[in-house]
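1. what follows is a protein structure lacking sequence information:
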Ligand SMILES: CC(C)(COP(=O)(O)OP(=O)(O)OC[C@H]1O[C@@H](n2cnc3c(N)ncnc32)[C@H](O)[C@@H]1OP(=O)(O)O)[C@@H](O)C(=O)NCCC(=O)NCCS
C-alpha cells in the first residue's frame, strides 16, 4: 500500500468533538503499543472523561500535531513507484478528515505560556526545564508514530513541523524579544525514557543535545536561534 503523509495541527476554533475522539483513540493506542516509552499509562488516561480529553487540546497555549496517512491509488501520482511521500502543505488541512485518511502519529507542544500558567498543576520536572540554554522553552511531549508507518520520515517531520509551529507562534508575539541583541529567544526540550535509543538517535540527528539525565530519563534540548 502506498501512502501520502501530512502533518496537521488539530484546529481549535472550533474544536470538533470528532477530532477529540480520534485524538483520544490515537493517544491510547500509543500508550498501549509502546508503554515502555511513556511515563503516563493507558490505565491512567483510559479513565479520562470526554471533558478531560477535550481540555488536553482545547487551548491556545499548546498544540497537537497529527500525522495523517492517506492511501494513494497506484497510478495517482508520478511518485507511485515509491512507498510514501509527503503531501504539499497547502493540501494538508483537507487531509485531516479525508475519507481515506488515517491518523498515524502525533506530537504535542507545551508553550512557555502553558508552563507558566499551570506552574502549580504540572509535574516539577516540566517546571525545571521551562528554561533551557537560558531561553524560555517549549516542551515536546507524546511523540509517537504507528509501527506500520515508522522509518518513513514521519517522526522527523513531526518534530520539524512542531518547531515551525513554535517559530510562527513566537513571531506572533513579542514577549521574548531581546531588544539588547535584536534576536528572538527560545528553545525546545523533550524527555526520552532511558533505553529508548531509537528516539534518542532521531532527536540527535535533528540537532537536539543532552541537557540532563537521571536514572529514568534523558532530557534533550535544541536552541531556536533564528
Ligand atoms: C521514535 C519514533 C517516533 C520515530 O518515528 P519514525 O517515523 O520512525 O521516525 P523517522 O522515520 O523520522 O526517523 C527514523 C530515524 O529514527 C531513528 N530510529 C527510530 N527508531 C529506531 C530504532 N528502533 N532503532 C534505531 N533507530 C531508530 C533512526 O535514526 C532512524 O533513522 P534512519 O531511518 O535513517 O535509520 C517511533 O519509532 C516511535 O513512535 N517509537 C515509539 C514511541 C517513542 O519512542 N516515542 C518517543 C518518546 S520520547
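-> Sure, I can see it. Remember, it's a predicted structure, so these values are computed and weren't measured experimentally. Numbers count the residues shown, from 1 in each chain.
2. was I right about residue 220 contacting residue 210?
-> Yes - applying Cβ atoms under 8 Å as the test, residue 220 and residue 210 come out as touching, 5.6 Å apart. For every residue, glycine as well, the C-beta is placed using N, CA and C.
3. among the two, which residue is more densely surrounded?
-> residue 220 (25 against 13; other Cβ atoms under 10 Å).
4. which residue packs closest to the more buried one, ignoring adjacent ones?
-> residue 208 (4.0 Å; Cβ to Cβ, 6 or more residues apart in numbering).
5. again, but for residue 204
-> Nearest to residue 204 is residue 220, by Cβ to Cβ, 6+ apart, at 7.7 Å.
6. partners of the host helix or strand of that neighbour in the sheet?
-> Assigned by DSSP states H and E, residue 220 belongs to strand 217-223. The pairing partners recorded for strand 217-223 under DSSP bridges are strand 187-193 (antiparallel), strand 209-213 (antiparallel).
7. run the chain-centre distance for that strand.
-> With Cα atoms, centre = their mean, to the nearest Å as the basis, strand 217-223 stands 15 Å off its chain's centre.
8. quick one: is that strand near the ligand?
-> No - Strand 217-223 is not in contact with the ligand by Cβ under 6 Å from any ligand atom; minimum separation 8.8 Å.
9. I'd guess residue 143 is in a strand, am I close?
-> Yes - when DSSP: H, G, I helix; E, B strand; the rest coil is applied, residue 143 is found to be in a strand.
10. residue contacts, it?
-> When contacts are counted by Cβ atoms under 8 Å, 6 or more residues apart in numbering, residue 143 touches 106, 107, 155, 158, 159, 190, 199.
11. in strands only, show me those residues.
-> In this view, the contacts of residue 143 that belong to strands under DSSP state E are 106, 107, 190.
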